[in-house]
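Asker: Output the structure for:
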Amino acid sequence: MSKKPWLISVIVMLVVVVGGIIGFSLFTGGDHQAYRVAVAGASPAALPGLSQVTDSEGAVIAVSQFEGDPTGEAATAALAADDDEVAHLDMILDLTGATPVLRVHEKASEQVKAGITAVLQQAALSDRITRLGGDPSAVATALASATPEVDAVSPPKYEDKGFAQRYAFLLTADILLLSVIMGGGQMLAMGVVEEKASRIVEILLACVRPTSLLAGKILGIGAATIVSFSLIGIVGAAAARTVGLLDDVDIPINSTMALIMTWMVLGFVLMASLYGAAGALVSRQEDAPSVTTPLLMLGMIPYMASIFMMQGDPDSTLYRALSYFPLFSPYMMPARQILGVSSPAEQAITMAATLLATILLVKLGSVVYTRAVTRTGSRVPLREVLRRAA
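Answerer: Next comes the predicted model:
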């Protein structure tokens, strides 16, 4: 692994991640300006319900008094003004005539229109009740008590508060994990093949044992990969927190990032020994995909499962069971932590199980690597290597 291209790629990824987060915040976030409504022909105080009307973003509208002719040039100019101008108005509620009129520049907000309509209808109803000698407040209370509540048994997850941020956080974590586990594994396998093809491995084995050589490659490539992508994740999380993208999410960022990095280490070592063993089975770079592709496909299954878990029920028996399977744990357990459905005990148990599986796979990978790394020529059959090991 060349240092300069690797450093350049890490810097480029850092710039892309931070730039993407800032760009996303600018285009989708920022300070939301309240929908501005001016009342003409009456005092806003005469319609107290207007202070409770909200726009399409859920923000309360800004109500003011319009002085002058609501059909004149001043009204037209205010409606046509840019949003950031002080004189800008989104809507003028014209009560100067016999019938209320909502005057806008191009198109009225349906949310605001419905809210103002309800306020005007309530005002008209209260006025009529008063003329008939009734109590408008008692009627309003009775009407409010008759409003049904909606109780969804299985509400869509995308309507949950902070769903978009959690989903983006999960996708980012999964991509980082996949890059470390699968990307680092690919680099390890290609390095083994390169050393074997150039016969450098024979010189190295004269000085160190095969297991020590494999362990050194895992440690070196793993450290560089994990540190690089952890840095990207930490900088990205800090940028997201700075621009306020995580304000609506009750995720413990620091502990979650630490957990993700822990699973990076476990997941990489778990798969790295298999990639090293796979690389030892071939002697040419063009033959490497034939032994690494199955491992890549094997790694994509838990990656996709963690994404499907976000869209489904994380507490279902299927996803809980998969989370305890060592090959799935490095992806599923960080995802469960992000979704807020994992306990410290569950994390500890799955880490212990993954560590045990890692020890067994490292021993298996070391045996295959030792038996196959010095054999050149055509691809070494895995069955033959395992038979010799037995």
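Asker: What segments of this structure are helices?
Answerer: Here the chain has its helices, by DSSP state H, at 3-28, 73-80, 110-131, 136-145, 163-178, 184-197, 200-205, 210-242, 253-279, 288-311, 317-323, 329-339, 344-372, 382-389.
Asker: most tightly surrounded among those?
Answerer: Of all the helices of the chain, helix 329-339 carries the top mean neighbour count, a mean of 26, counting by mean count of other C-beta atoms under 10 Å. For every residue, glycine as well, the C-beta is placed using N, CA and C.
Asker: average pLDDT across that one?
Answerer: Averaged across helix 329-339, pLDDT comes to 90.
Asker: just stretch 378-390 next, same as before
Answerer: According to the model, stretch 378-390 has a mean pLDDT of 71.
Asker: and for that stretch, what are the contacting residues?
Answerer: Here stretch 378-390 makes contact (C-beta atoms under 8 Å, 6 or more residues apart in numbering) with A280, L281, V282, S283, D287, S290, V291, V367, V368, R371, A372.
Asker: closest to A238 among the residues you listed?
Answerer: Set against A238, the nearest of the contacts of stretch 378-390 by C-beta to C-beta is V291 (39.0 Å).
Asker: Surely the closest one touches A280?
Answerer: No - contact criterion C-beta atoms under 8 Å: V291 and A280 do not qualify, at 9.0 Å.
Asker: got CSV for the contacts of stretch 378-390, with distance to M304 too?
Answerer: Below are the contacts of stretch 378-390 laid out as CSV (distance: C-beta to C-beta, whole Å):
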residue, distance to M304
A280, 29
L281, 27
V282, 27
S283, 33
D287, 27
S290, 23
V291, 22
V367, 31
V368, 27
R371, 33
A372, 31
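Asker: Name the spans of the stretch 151-300 of the chain whose pLDDT lies under the cut-off.
Answerer: By pLDDT under 70, the low-scoring segments of the stretch 151-300 of the chain are 151-163, 246-249.
Asker: what does the stretch 1-150 of the chain give?
Answerer: By pLDDT under 70, the low-scoring segments of the stretch 1-150 of the chain are 1-3, 24-32, 139-140, 142-147, 150.
Asker: If we use 90, what do you get?
Answerer: Along the stretch 1-150 of the chain, segments meeting pLDDT under 90 span 1-38, 40-88, 90-150.
Asker: quick one: contacts for V368?
Answerer: A277, A280, L281, L382, V385, L386, A389.
Asker: The fourth one and K363, how far apart?
Answerer: Distance check for L382 against K363: by C-beta to C-beta, to the nearest Å, it reads 16 Å.
Asker: Ok, the fifth one next?
Answerer: V385 sits 14 Å away from K363 when distances are taken as C-beta to C-beta.
Asker: what residue lies at the spatial centre of this structure?
Answerer: Compute the mean C-alpha point of the chain, and by C-alpha atoms, centre = their mean the closest residue is A168, 1.4 Å away.
Asker: Tell me how many other residues surround the closest residue to it other than its chain neighbours.
Answerer: If the residues on either side of it in the chain are set aside, A168 comes closest to L245, at 7.8 Å by C-beta to C-beta, 6 or more residues apart in numbering. With neighbours defined by other C-beta atoms under 10 Å, the count for L245 comes to 21.
Asker: Many thanks, have a good one.
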